[in-house]
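Q: what follows is a predicted structure for the sequence shown.
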Amino acid sequence: MNERDASPCIERLLLTAAGQRAVDVASIEAGVPSVELMESAGRSAAAWILDRWSPQRVVVLIGPGGNGGDGLVVARRLLGEGVDVRVLLLQPAEALGETSAVMLDRFERAGGRVTAVDDASQVDRYLEGADRIVDALFGSGLDRPLEGTYRKAVECLNASPVPVVSLDLPSGLASDGGELLGATVRADVTLAMAFLKPAHLLYPARSLCGNVAVTSVDYPTQSLEGIEPIARVPEPSGIAQRLPERRPDGHKGTFGRVLVVAGSVGMSGAAILCCRAALRVGTGLVTLAAPAQLNPVLEAALPEVITIPLPDGDGHIERLDDVRFEEAIERADVLAIGPGLSRATEAAEAVRDLVKRCDGSIVLDADGVAAYWSCPEELAAAGGDLVLTPHPGELGPLLGLSPEAVAADRIQVVRRFASGHRRVTVLKGAPTAIGLPEGSVFVNPTGNEGLGTGGTGDVLTGMIAGFLAGSAPPADAAILSAYVHGLAAETFARDRAARSLIASDLIELLPTVLHEVASWS
């Protein structure tokens, strides 16, 4: 999502098509006629278009359902503002639903032009001279591939150089997932009606939505009672609320202490990135415990970090019985375990022993998660607040699933794992999904393809640990970190190629991005 709502909304509900229908039905039962709902939806969409652009000639393609009715309201509202509007009706007028038929009549009474299109292959000639196209063919109710007239119309839209604005969803997408059914409009902008849908956030569907903005519909408050969203999406004002406060008289003790257990020969960078990220989000004191032979490199790279050399063998941690390490555990507010640690048997055993005897907050990442592949049941028994940050390839073995199966159903998979193990779980990827112990899921809307490079996950781990140390609750630390992490990637790409992003760039941008987030409060 590239359009961010500046309203005080702290989160958006992510609804399935069935959830959207349930809200519509509840609103009508509460006394709001369907005509009024459609009028408010179209009014808001038209206002968005007029506010962002100054269109001169707009073509609106109308489908048979409620989405077509929304498009007719948009057409009439634009017409009323002096825009030259032509409506293309791709089915007989009598095939329109009752509410949409009312909107067609209102548009014609306002002096609007309606063209019935018999041959969809000729749609392109009606688009000539337009500076915007409004796609109002199909919305969230579609569950099968487009065929015949509609498929040909979509092909014409995609071949046109004129920017396309889709209402609710690009026509051809099914709302409830990321898969593609077939021919689909490639929108420049999608105006989601009141609620986001999974297709707005899940790939590959998301790539066809262009910039996504949420426009309002006048639903009565009681229409949302009993509606369970499939997930929630944090908004800027909600992210700002999760940012831990900073005492003006604070010091390194009050701003939290993070102990990082990470690194092995060849993977010292993971430990370095994790520590730097923890520092950049405001941690008062960071200590790094790593294999002894890495200590000269780590001390040179991390002048602000205390290092504790641990007994090692073959370049990885063998034991955690160092006296200084035991003292560091006692002082630490948060442990971050796993980045670059190695999957050696000795390291995995050391991780499980450490988690078992700690009752504070722990962020478990990468090789720290892999340490439990053979015994996932131990995660539920571990003490303290445990936050896991796996990617699909690391979470899959804990559930007996392939990485592909995890990625394909990431919302439900992370919900099942987080609630079953009673642990906050950050499933990294596009998009990152955060599962909470009580069963709710947050889908992160920020980020870009630049995050697909080594080390960005280590940065995220350090950020979560740092915010935890700064007194953020586990869920807040996870949601805040994922959002800021993605926003840093977007900030980088504002004037540079996203493909050039490296993990260190994220850390360098954190001061700028956190300054922006603080201004939202």
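A: That came in fine, so what should we check first?
Q: before we move on, which element is the spatially closest residue to Arg113 that is not a sequence neighbour in?
A: Excluding the flanking residues, the one nearest Arg113 by CB to CB, 6 or more residues apart in numbering is Arg86, at 5.1 Å. Backbone N, C-alpha and C define where each C-beta goes, glycine included. Under the criterion of DSSP states H and E, Arg86 resides in strand 84-89.
Q: what residues does the helix or strand that that strand is followed by touch?
A: Next in sequence after strand 84-89, counting helices and strands by DSSP H and E, comes helix 98-109. For helix 98-109, the external contacting residues (CB atoms under 8 Å, 6 or more residues apart in numbering) are 34-35, 38-39, 42, 62, 64-66, 68-69, 72-73, 75-76, 79, 87, 89, 93, 96, 114.
Q: and Glu3, what's its pLDDT?
A: Glu3 is assigned 59 on the pLDDT scale.
Q: so how far is stretch 259-266 from its chain's centroid?
A: Using CA atoms, centre = their mean, to the nearest Å, the mean C-alpha position of stretch 259-266 is found 29 Å from that of the whole chain.
Q: which residues does it contact?
A: For stretch 259-266, the external contacting residues (CB under 8 Å, 6+ apart) are 270-271, 274-275, 278, 286-291, 293-294, 298, 314-317, 320, 328-329, 331-332, 334-342, 344, 347, 351, 354, 368, 458, 462, 465.
Q: for Val387, which three-state class applies?
A: strand (DSSP: H, G, I helix; E, B strand; the rest coil).
Q: looks like it contacts Ile464 (just checking).
A: Yes. Counting by CB atoms under 8 Å, Ile464 is a contact partner of Val387 at 5.9 Å.
Q: shared neighbours, the two?
A: Among the neighbours of Val387, those also in contact with Ile464 (CB under 8 Å, 6+ apart) are Val363, Val426, Ala477, Ala478.
Q: now name the helix or strand holding the last one.
A: Put plainly, it is Ala478. helix 474-492.
Q: so, low pLDDT: which residues of the stretch 1-150 of the chain?
A: 1-8 (pLDDT under 70).
Q: rerun at 80
A: 1-9, 121 (pLDDT under 80).
Q: what's the first-to-last distance across stretch 128-144?
A: Here the two ends of stretch 128-144 are set 30 Å apart, with distance taken as CA to CA, to the nearest Å.
Q: buried stuff in it?
A: Counting neighbours by 16 or more other CB atoms under 10 Å, one finds that the buried residues in stretch 128-144 are Ala130, Arg132, Ile133, Val134, Asp135, Ala136, Leu137, Phe138, Gly139, Ser140, Gly141, Leu142.
Q: ok but Ala336 is inside a strand, no?
A: Yes. Counting by three-state DSSP, Ala336 falls inside a strand.
Q: before we move on, the earlier item: can you tell me which of the buried residues of stretch 128-144 are in strands?
A: Of those, the ones assigned to strands by DSSP state E are Arg132, Ile133, Val134, Asp135, Ala136.
Q: out of the residues you listed, who's nearest Ala493?
A: Closest approach between these and Ala493, by CB to CB: Arg132, at 25.8 Å.
Q: could I have the CA atoms of stretch 481-493 written out in CSV?
A: C-alpha atoms of stretch 481-493 as CSV (Å, rounded to 0.1, in the frame of the first residue of the first chain):
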residue,chain,number,x,y,z
SER,A,481,9.2,-2.9,14.1
ALA,A,482,7.7,-4.6,11.0
TYR,A,483,6.1,-1.3,10.0
VAL,A,484,9.2,0.9,10.6
HIS,A,485,11.4,-1.7,8.9
GLY,A,486,9.2,-1.6,5.8
LEU,A,487,8.9,2.1,5.9
ALA,A,488,12.7,2.5,5.9
ALA,A,489,12.8,0.4,2.7
GLU,A,490,10.2,2.6,1.2
THR,A,491,12.1,5.8,2.3
PHE,A,492,15.2,4.4,0.6
ALA,A,493,13.4,3.9,-2.6
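Q: please compute how far that stretch lies from its chain's middle.
A: 11 Å.
Q: my reading is that Asn67 is in a strand; is that accurate?
A: No. Counting by three-state DSSP, Asn67 is not found in a strand; it is helix.
Q: all strands of the stretch 201-350 of the chain, in order?
A: Under the criterion DSSP state E, counting those that start in this stretch, the stretch 201-350 of the chain contains strands at 211-215, 231-234, 257-261, 285-291, 306-310, 312-313, 316-317, 334-337.
Q: output these as CSV; include the columns mean pLDDT, distance to Ser54 and mean neighbour count.
A: Converted to CSV, these look like this (pLDDT from 0 to 100; distance: least, CB to CB, whole Å; neighbours: other CB atoms under 10 Å):
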stretch, mean pLDDT, distance to Ser54, mean neighbour count
strand 211-215, 96, 17, 20
strand 231-234, 97, 30, 23
strand 257-261, 98, 51, 28
strand 285-291, 97, 52, 26
strand 306-310, 96, 59, 21
strand 312-313, 85, 66, 18
strand 316-317, 91, 62, 26
strand 334-337, 97, 51, 30
